[in-house]
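K.L.:
all I have is the shape, not the residue letters:
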């Protein structure tokens, strides 16, 4: 089963990304079947600084390697360096309806808010479908907020196959058993996110120990005063217990105070992130090495991507 996991080079990767997407990728990576993609083209749906985009693309690649992605088992690629993504994007636009793209949640929210909205925000879900279909992917790890995009990819693949002949693998969405849903420490009703307006409840993978300690010490709890797993009535405490369990791999013990729980969560998070920061610093000293890994990933996946595009071109009626 071939599997693709994508990461946008926007904002700062955080603990939720590590536990929910990066760690499952590392645990399940297999030579010839795992692809980790840095979706730099998707980052262009909003105003951006070109220099920051390049820097963030390398940063995400470096963090993935530091977190344990093995380039001998996982093809690590930069989205924009595989031109077949964008060629297939247009072919899929020719079978996608405007209404299907316009009802995607990001476009609906941004357009409803008023002000200029880039055309790429409307069409990027189709590009996302191309990202998946061009690699003949069988499985795509998805969270609740990504189901809509995967369903569009499945719809377009099925429609294309029905109209023009069997061309694409129709992918399945999977949620790895080890994937964790980590909530914002300042707002435990919301998922920890790179795009949140405030970073107060987010633990960045490169945050120094003192920042991690401060963020966790200020985590929202409640006035109940009892440490227990109760998502409905004590979401903040439940989130801290979940983080502790995910970081240590063990069920949390009994606690008599929120302070003691927060101290143990701080120690567990720091124990998990310290070696990643250390390895990141080592890799960041040699950006040429990271670029070489991206070039190797491109060489690994591009022949199959080109074959998929050629099938699609032929099926849809274009000249060889």
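P.N.:
Right, received. Where do you want to start? On a predicted model such as this, the values are computed, not experimentally measured, just so you know. Numbers count the residues shown, from 1 in each chain.

K.L.:
can you map out the strands along the stretch 151-300 of the chain?
P.N.:
172-174 (DSSP state E, counting those that start in this stretch).

K.L.:
what stretches of it score poorly on pLDDT?
P.N.:
Regions of the stretch 151-300 of the chain meeting the criterion pLDDT under 70 cover residues 176-179, 196.

K.L.:
one more time with 90
P.N.:
Counting by pLDDT under 90, the stretch 151-300 of the chain has low-confidence residues at 173-181, 193-200, 287.

K.L.:
quick one: the helices in it, in order.
P.N.:
Assigned by DSSP state H, counting those that start in this stretch, the stretch 151-300 of the chain shows helices spanning 209-217, 235-248, 258-284, 287-316.

K.L.:
so for residue 158, which of the ones you listed sits nearest?
P.N.:
Of all the helices of the stretch 151-300 of the chain, it is helix 287-316 that lies closest to residue 158, at 13.8 Å by C-beta to C-beta. (Glycine included, C-beta is placed from N, CA and C.)

K.L.:
list the buried residues of the closest one.
P.N.:
For helix 287-316, burial by neighbour count (16 or more other C-beta atoms under 10 Å) applies to 290, 293-294, 297-298, 300-302, 305, 308-309, 311-313, 315-316.

K.L.:
do the same with stretch 68-85
P.N.:
So, applying 16+ other C-beta under 10 Å, buried residues of stretch 68-85: 68-69, 71, 74-80, 82, 84-85.

K.L.:
next: stretch 32-43.
P.N.:
Judged by neighbour count using 16+ other C-beta under 10 Å, the buried positions of stretch 32-43 are 33-43.

K.L.:
kindly check the end-to-end length of it for me.
P.N.:
One end of stretch 32-43 to the other measures 27 Å (C-alpha to C-alpha, to the nearest Å).

K.L.:
contacts for it?
P.N.:
By C-beta atoms under 8 Å, 6 or more residues apart in numbering, the surrounding residues in contact with stretch 32-43 are 1-10, 25, 28, 53, 56-57, 60-61, 64, 69, 73-80, 85-86, 124, 127-128, 131, 135, 137, 297, 301.

K.L.:
what does stretch 244-264 give?
P.N.:
19, 180, 182, 216-217, 219, 221, 225, 227, 237, 240-241, 265, 268-269, 271-272.

K.L.:
7 Å instead?
P.N.:
19, 180, 216-217, 219, 221, 227, 237, 240-241, 265, 268-269, 272 (C-beta atoms under 7 Å, 6 or more residues apart in numbering).

K.L.:
for that stretch, measure first residue to last.
P.N.:
The stretch stretch 244-264 measures 7 Å between its terminal residues, going by C-alpha to C-alpha.

K.L.:
please apply the same query to stretch 27-36.
P.N.:
By C-alpha to C-alpha, the extent of stretch 27-36 from end to end equals 13 Å.

K.L.:
who touches stretch 134-143?
P.N.:
Contacts for stretch 134-143 (C-beta under 7 Å, 6+ apart): 1-5, 20-21, 24, 35, 84-85, 88, 132, 150, 169, 171-176, 179, 301, 304-305, 308-309.

K.L.:
ok so, going back, for residue 191, which of the helices of the stretch 151-300 of the chain is the nearest?
P.N.:
Of all the helices of the stretch 151-300 of the chain, helix 235-248 comes closest under C-beta to C-beta, at 10.2 Å.

K.L.:
so what's the gap between the closest one and the chain middle?
P.N.:
Centre-to-centre, helix 235-248 and its host chain are 21 Å apart (C-alpha atoms, centre = their mean, to the nearest Å).

K.L.:
go through stretch 222-242 and flag the buried ones.
P.N.:
By neighbour count on 16+ other C-beta under 10 Å, the buried set for stretch 222-242 is 227, 234-242.

K.L.:
pick the one among the buried residues of stretch 32-43 closest to residue 102.
P.N.:
Distances from residue 102 to those, taken by C-beta to C-beta, are shortest for residue 42, at 17.7 Å.

K.L.:
pLDDT at that closest one, what is it?
P.N.:
We have a pLDDT of 92 for residue 42.

K.L.:
and residue 45, by the same measure?
P.N.:
pLDDT, residue 45: 89.
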